[in-house]
Structures are given as C-alpha cells and as structure tokens.
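Asker: Output the structure for:
(2 chains)
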There are 2 protein chains.
Amino acid sequence: MRILMKIQYNGLNFNGWQHQDEGRTVQGEIESALSYIHKTFTRIHPASRTDKGVHAKEQYAHFDTELNIPAEKWAFILNSKMPKDIAITETFEVSEDYHVRYDSKGKTYRYSIYQTAKNPFYNGLKAHIDKDLDIEAMREAAKYFLGTHDFTSFSSAKAVIDYKVRHIYELEIEETNDGLDIVITGSGFLYNMVRIIVAYLFEIGELKRKPSDTLKIIESQDRTLIPITAPPDGLYLERTFLNIQELEDYLEENLEKH
Amino acid sequence: MRILMKIQYNGLNFNGWQHQDEGRTVQGEIESALSYIHKTFTRIHPASRTDKGVHAKEQYAHFDTELNIPAEKWAFILNSKMPKDIAITETFEVSEDYHVRYDSKGKTYRYSIYQTAKNPFYNGLKAHIDKDLDIEAMREAAKYFLGTHDFTSFSSAKAVIDYKVRHIYELEIEETNDGLDIVITGSGFLYNMVRIIVAYLFEIGELKRKPSDTLKIIESQDRTLIPITAPPDGLYLERTFLNIQELEDYLEENLEKH
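Answerer: Below is the predicted model:
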C-alpha cells in the first residue's frame, strides 16, 4: 500500500529536507520513525526537496508499507513520534504507481520579510530588510515573470536539470502589518529559482535595477547576470497542488483577490 | 562609566542566559562582542538569569567601560554584532553603584500555550497543551498566590537562597485566539518558581487538583508537594521594572483592565 503524507515543518533547526552526513533533516526524522515502526529501513519520496532553513506549510511525501494499518491512522501514529518542529497532519492511500514529485501540478512559495526594528522572535521565520522598498516597482518587474519562460537566468549554476522552461501563474507582492510577502505560484521551480527571483525583486525595490530590464534578463538565458540569492529565512513551501483541479481552484480564487 | 542595556532574545537556541561549558548562551554572545570591542574580557550583570529555552522581551544587563562612546550609541554598535536571536534595543548610563539585579523592583513573566492542532511554527515559542482547561478553576486557584507568602512549596529543591518570601502583585489567566497565557508579576521569583506555579495551575485546569487546596499547600512550605515544572517553551521574561514608579504604573493600568 502506498501512503501519501501531508507535512508541515519549521525549517530553522533542520539542515534541509534531504539526508545529510551531518545535522538533523526532515527526511531523516520521518524515515527514522517509519523504519522503527516497520523494523526495516523505509524510504520516503517528497514533492519537493527544500533547502536548509526553508519551511513548509504544505509538503507531501509518500512511502510504501505492508503493515495492515488503515491509511488515515498513519497521521496520528507518525505525528506522535515527530519532534515539535514537524507535524504530519494527514495521511491517505494513493495508487501504487503514484509519485507525488511527478504527479503534482504546481507549487506556491511565500517569502516573508519584516521592515520594523530587529525582532528576535522572527529568527528564521521572516527575513529582515531594514530599508524602504518601492513596491510599485517590484510589482511592475513581477509581471514579466508571468507565463512560460526559460528560467536559466534565474537558476543556480548548480542546477543539474537541462530543461529550464517553467510556467509562472502568479507573482504577487502582498503588504503585511510590518513588511511584505512575495507569493509565487508555478508549474515547478529550478534549483534556487525562488530565492534568486526574490533577491532580484528586492534589488528592484531598492532601485538598484530597473523593472523594464526584466524581460531582457529572462531572455538572455545567462546565469551570471543575477549573482544573488535571498537567504532561506522567511521562505515557505506554502502549497503543493496535487492535481489540476486544486491548482485551478486556487488560481481562480487568487486572481479574483488581486 | 556603567552602561545599562535593554535586551530581547529568543531562547529557543540558547543554553540559557548564563555561561556554560557547552552551547550558546546569551551572556556568552554579548560578552564576546563587548570583549572584542574592549580588547579585554568584559563582564555583564543581568537583572535575571533565565534558563535554557526561556525567552526575554525585556531583560536588562549592565557593564563598565572606559571607552569614550556616548551611552546611547552602544545599542547600535552592539546590535550590529548580535546574532538574529538577540536584540539590544536601548542603552543608557547609570550611576557607578547601580546594580540592576538588586535595584530593580519586580518582574512580569508570561507563559503562553496553544490548544489547537500541533503547529511547528510555535516550536519553542508556545507550549502545546492538547486538552481542555477549566479556566475558572485556574482563576480561583490563582487568587491564593496574590500577596506576600513564603514560596518554599513552589520553588526548586535546587534553590540556594534561604529567604523564600516574595510578593505576588498579579496572577492572571488571559484567553488568546488559540489557547491561553498566564501572566505573573512579583517582587521577585525563586528558582523555577514561575514554572512550578504554571504547572500547578495547569493541573488545576485539568481538574487533577482542587483550587481550595492552594492556600494549604502554600502554607505547608513543603517542596515535595508539587513535584512538577512546566517546560521552558512559552516562558517569557516580559517586563523588568527598574523602579517603583514603573511597577506602580504597570499595576494601575493592569488592575483596571481585569
């Protein structure tokens, strides 16, 4: 039986999702609970691998089991074995050929910053930018990312995948009570793509770059033009769309809002 | 010149205030910045030593300096050398015989819990109690703590100070949108006293103990009756009253509120 888990985690004290030689990882914590229950090593497969310090409000991962436990009971069993910075909120059965990474249809990421005086209670949860940002300039630049583009210019040189075309459905700047959030929804994201786009938009907001150059930079497909990456603080995997219907419902609701 | 610093910190990733052989401490971080600036070891003296995992929204500590730097500039200089989980928000000169631990007139602690589903983003910031609590019973028990008492029954066996009489000005249960906060203001607190009182009030809320037994337990001056201590998650040193006027203003405002 293949079980799909819905997962939340606070990335602050994790060395990312994926198993590392050193440090706690989300994959490591969940696999070690599952392996203990199964008395044999049990692998999990995520929708996305998040980097060190990145949070998830809606991550998914699946595993296979031969234990005779109802699918929905796994959430309770696993959650009771999780540390305080991981919650497994729901579990359900999927077909044996389902693979969440390939079968999911898109994701939303949120990047949160605050602009008031330094607040230790935001440590790792919101990035701190102690400058005024020109939100209208950021919104103007954001429009150029919408649609289908080759995002080579906004991907890490470390990216191993050759096909760099992705579709961006939404890129919004939302004002909050003490800063702003950047919300981006796409069919998928290249390695570091969200953090490079976010860092680029902050440079636009600080008037270091002109919004009207954005399309030229995207079209150049040149990795060296934007040599900046925003820190992981404040980055959340906010939604994972398991199917087209979920994505369409989300977009319909959000395009109305803006 | 003696400089008094106003300090905030997120205790999650600290091994407490006081220097330890292992792990980060708040004292260690601030002393190491000060010692670097002074090119010689520079000691700081706090209003309260907080335990591992405990937060502060208003802690104070002072140090002596011979450097010719205006008192109010120290906040900016030190803050720029602090990690993201400590903020030094204000600095000012005090007289050479001032000692914040002995000269301050009281403190407020806040203990925050949430009662909704497990939330990884509250990790270390609010304790999780997944049970209904009888708030009226907790409020009834809270009244017995007000006033001047010997708090031996509510102090750790590890307490080294012999004089255990303290005055409690305020002990309130405040409902929040997803749980409740316990707010306690006193002339001073014995080692673990806040966490033992809080754990006791939660047992009252769970109907494991009767509110009417509270005075008898206080008067017994018996450390073995309440062998429980609430975890540090969710405990905040919220206010430090530097003088009687600050304390009186606070109490006047809060006694009106309730």
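Asker: Near residue A:165, how many other residues are there?
Answerer: 12 (other C-beta atoms under 10 Å in any protein chain shown). Where you see a C-beta, it was placed from the backbone N, CA and C, and this is true even at glycine.
Asker: isn't it right up against residue A:151?
Answerer: Yes - applying C-beta atoms under 8 Å, one finds residue A:165 in contact with residue A:151, separated by 7.4 Å.
Asker: show me what contacts residue A:58?
Answerer: Residue A:58 is in contact with A:6-8, A:237-240, counting by C-beta atoms under 8 Å, 6 or more residues apart in numbering or on different chains.
Asker: Next, work out how far apart it and residue A:212 are.
Answerer: 35 Å (C-beta to C-beta, to the nearest Å).
Asker: which stretches of the stretch 151-258 of chain A aren't confidently modelled?
Answerer: A:159-160, A:258 (pLDDT under 70).
Asker: Flag every residue of the stretch 101-250 of chain A that's near chain B.
Answerer: Counting by C-beta under 8 Å from any C-beta of the partner chain, the stretch 101-250 of chain A comes close to chain B at A:117-121, A:123-125, A:128, A:233.
Asker: one more time with 7 Å
Answerer: By C-beta under 7 Å from any C-beta of the partner chain, the part of the stretch 101-250 of chain A that sits against chain B consists of A:117-121, A:123, A:125.
Asker: Please give the element, helix or strand, for the one residue in the stretch 151-258 of chain A that gets nearest to chain B.
Answerer: In the stretch 151-258 of chain A, the residue that lies nearest chain B is residue A:233 (7.7 Å; C-beta to the nearest C-beta). Secondary structure from DSSP states H and E places residue A:233 outside every helix and strand.
Asker: In contact with it, which residues?
Answerer: Taking C-beta atoms under 7 Å, 6 or more residues apart in numbering or on different chains as the criterion, residue A:233 is in contact with A:53, A:124, A:126-127.
Asker: cool, residue A:127 as well?
Answerer: Residue A:127 neighbours (C-beta under 7 Å, 6+ apart): A:113, A:230-231, A:233-234.
Asker: Residue A:134 too?
Answerer: Counting by C-beta under 7 Å, 6+ apart, residue A:134 has contacts A:205, A:207.
Asker: which phi and psi does it have?
Answerer: phi -90, psi 100 (degrees, to the nearest 10).
Asker: With adjacent residues omitted, what lies nearest to residue A:200?
Answerer: Of all residues not flanking residue A:200 in the chain, residue A:226 sits nearest, at 5.3 Å (C-beta to C-beta, 6 or more residues apart in numbering or on different chains).
Asker: Strands of the stretch 1-150 of chain A, residue ranges please.
Answerer: Counting by DSSP state E, counting those that start in this stretch, one finds strands in the stretch 1-150 of chain A at the ranges A:2-9, A:45-46, A:55-64, A:86-94, A:106-114, A:127-128, A:147-150.
Asker: Mind checking those strands for the one nearest to residue A:206?
Answerer: Closest approach to residue A:206 among the strands of the stretch 1-150 of chain A (C-beta to C-beta): strand A:106-114, 12.2 Å.
Asker: Report the inter-axis angle for that closest one versus strand A:55-64.
Answerer: 150 degrees (axes from the mean of the first three to the mean of the last three C-alpha atoms, to 10 degrees).
Asker: which other residues reach strand A:106-114?
Answerer: By C-beta under 7 Å, 6+ apart, strand A:106-114 touches A:48, A:122, A:126-129, A:169, A:178-187, A:189, A:194, A:198, A:230, A:234-241, A:247.
Asker: ok so, going back, using the three-state scheme, assign the residue nearest to residue A:200.
Answerer: coil (DSSP: H, G, I helix; E, B strand; the rest coil).
Asker: For it, list the residues it contacts.
Answerer: A:153-154, A:196, A:200, A:217.
Asker: any chance of these in JSON lines, with secondary structure and neighbour count too?
Answerer: Output for the contacts of residue A:226, formatted as JSON lines (DSSP: H, G, I helix; E, B strand; the rest coil; neighbours: other C-beta atoms under 10 Å in any protein chain shown):
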{"residue": "A:153", "secondary structure": "helix", "neighbour count": "23"}
{"residue": "A:154", "secondary structure": "helix", "neighbour count": "27"}
{"residue": "A:196", "secondary structure": "helix", "neighbour count": "23"}
{"residue": "A:200", "secondary structure": "helix", "neighbour count": "25"}
{"residue": "A:217", "secondary structure": "helix", "neighbour count": "17"}
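Asker: Most neighbours among the contacts of residue A:233, which one?
Answerer: residue A:124 (22 neighbours).
Asker: ok, now how distant is that one from residue A:228?
Answerer: Residue A:124 is 20 Å from residue A:228, by C-beta to C-beta.
Asker: Equivalent analysis for residue A:125, please.
Answerer: 22 Å.
Asker: And the helices in the stretch 101-250 of chain A?
Answerer: A:135-143, A:193-205, A:214-220, A:244-257 (DSSP state H, counting those that start in this stretch).
Asker: got the angle between the longest one and strand A:106-114?
Answerer: The one in question is helix A:244-257. Taking the same axes, to 10 degrees, one finds helix A:244-257 and strand A:106-114 inclined to each other by 40 degrees.
Asker: try the second one
Answerer: Orientation check (the same axes, to 10 degrees): helix A:193-205 against strand A:106-114 gives 40 degrees.
Asker: cool, the first one as well?
Answerer: For the pair helix A:135-143 and strand A:106-114, the angle between their directions (the same axes, to 10 degrees) equals 160 degrees.
Asker: what about helix A:135-143, average pLDDT?
Answerer: Mean pLDDT, computed over helix A:135-143, is 98.
Asker: Give the buried residues for that helix.
Answerer: A:137-139, A:141-142 (16 or more other C-beta atoms under 10 Å in any protein chain shown).
Asker: between the residues you listed, which is nearest residue B:17?
Answerer: residue A:138 (40.6 Å).
Asker: on that earlier part again, show me which of the contacts of residue A:233 is closest to chain B.
Answerer: residue A:124 (7.3 Å).
Asker: want to throw the strands of the stretch 1-150 of chain A into JSON lines with mean pLDDT?
Answerer: Formatted as JSON lines, those follow (pLDDT from 0 to 100):
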{"stretch": "strand A:2-9", "mean pLDDT": "98"}
{"stretch": "strand A:45-46", "mean pLDDT": "97"}
{"stretch": "strand A:55-64", "mean pLDDT": "98"}
{"stretch": "strand A:86-94", "mean pLDDT": "97"}
{"stretch": "strand A:106-114", "mean pLDDT": "98"}
{"stretch": "strand A:127-128", "mean pLDDT": "97"}
{"stretch": "strand A:147-150", "mean pLDDT": "97"}
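Asker: any chance of the ones you listed in TSV, plus distance to residue B:161?
Answerer: Listed next are the strands of the stretch 1-150 of chain A as TSV, based on distance: least, C-beta to C-beta, whole Å:
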stretch	distance to residue B:161
strand A:2-9	42
strand A:45-46	52
strand A:55-64	42
strand A:86-94	40
strand A:106-114	40
strand A:127-128	40
strand A:147-150	67
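Asker: Please name whichever of the ones you listed is nearest to residue B:66.
Answerer: Short answer: strand A:127-128, nearest of the strands of the stretch 1-150 of chain A by C-beta to C-beta, at 32.7 Å.
Asker: What pairs with that closest one, parallel or antiparallel?
Answerer: strand A:106-114 (parallel) (DSSP bridges).
Asker: mind listing what residue A:90 touches?
Answerer: A:6, A:75.
Asker: Oops, could you answer that again for residue A:78 instead?
Answerer: Contacts of residue A:78 (C-beta under 7 Å, 6+ apart): A:33, A:88.
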